[in-house]
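Engineer: what would the 3D arrangement of this be:
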Amino acid sequence: MDKQKPGLSNAYALQTPADSKRLYRDWASTYDQDFAAGQGYLLPGLTAKVFAAAGGAGPVLDVGAGTGLCGQALRAIGIEPIDATDLSAAMLAEALRKDAYRDVIEADLLEGIPVPRGSYRGVVSSGTFTHGHLGPEVLPALLRVAAPDAWFALSVNARFYDKAGFSEAFGRLLRGHWIKNLTLPELPIYGPRATGAHKNDTALIARFQKV
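Structural biologist: Next up, the predicted model:
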């Protein structure tokens, strides 16, 4: 990992959990101001709205919660309680400052989430599924912690969706009757103040229910 100021290009280049921990440790204290505010980061709030519009309710697990922007947005529209999980202890420490979460869980999604099966009536994720460091291989772990009929709203960078195999994975889950009611609204990730190569990126919000 280079020693430059952390930014989006670093995040999109992540390949291992160790890379992620190093980046987000260095980025945690400045993420909200330098990135989220500076780039007009819309995705956490839009993901929360998609979840709410589907009838999503708590308790909710915010997956890859980072500094807690999606949890903050959920709480602002009356959805709680919310727990946060993330690989980065430094990002979770920032999330706790927002007073949006009931609990935080430091976990590597590739190794599963250490909570009982069926603990949540909703699962959200904003900005976790981007360019390669996590893909659809973690969906079974997310389904395990969700109760029957739980609503999901998972953002996936639109450029990454087919390439990473999300389309195939959701197709298998639908055919196997693991999920139902899948829709994929496409929404902007950033507002008009955004700059750089990714300023016009969009995300598909995978909204569905566990069977």
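
Engineer: Pro148 is in contact with Ile179, isn't it?
Structural biologist: No - in this structure, Pro148 is not within contact of Ile179 by CB atoms under 8 Å, at 11.0 Å. For the C-beta atoms, the positions are set from N, CA and C on the backbone; glycine is no exception.

Engineer: so which residues of this structure form helices?
Structural biologist: Ranges of helices in the chain, per DSSP state H, are 8-12, 17-27, 43-53, 69-76, 89-96, 139-144, 158-161, 166-175.

Engineer: which residues touch Gly64?
Structural biologist: Thr85, Asp86, Leu87, Leu109, Ser125, Ser126, Gly127, Thr128, Leu134 (CB atoms under 8 Å, 6 or more residues apart in numbering).

Engineer: could you do Asp201 as well?
Structural biologist: Counting by CB under 8 Å, 6+ apart, the residues that Asp201 touches are Asn157, Ala158, Arg159, Pro188, Ile189, Tyr190.

Engineer: so how far is Phe208 from it?
Structural biologist: To Phe208, Asp201 is 22 Å away according to CB to CB, to the nearest Å.

Engineer: winner for burial among the helices of the chain?
Structural biologist: Of all these, helix 69-76 has the most neighbours on average by mean count of other CB atoms under 10 Å, namely a mean of 24.

Engineer: now the angle from that one to helix 89-96?
Structural biologist: 20 degrees (axes from the mean of the first three to the mean of the last three CA atoms, to 10 degrees).

Engineer: other SSEs contacting helix 69-76?
Structural biologist: With contacts taken as 3 or more CB pairs under 8 Å, 6 or more residues apart in numbering; DSSP states H and E, helix 69-76 sits against helix 43-53, strand 60-63, strand 82-86, strand 120-129.

Engineer: which residues does it contact?
Structural biologist: 32, 36, 41, 44-45, 47-49, 51-52, 60, 62, 65, 80, 82, 84, 95, 98, 100-101, 124-126.

Engineer: 6 Å - rerun?
Structural biologist: Under the criterion CB atoms under 6 Å, 6 or more residues apart in numbering, residues 44-45, 47-48, 62, 65, 82, 84, 98, 100-101, 124, 126 lie in contact with helix 69-76.

Engineer: quick one: contacts for the most centrally placed residue in the chain?
Structural biologist: Using CA atoms, centre = their mean, the residue of the chain that lies closest to the mean C-alpha position is Ser125, 2.3 Å off. For Ser125, the contact set (CB under 6 Å, 6+ apart) comprises Val63, Gly64, Leu154.
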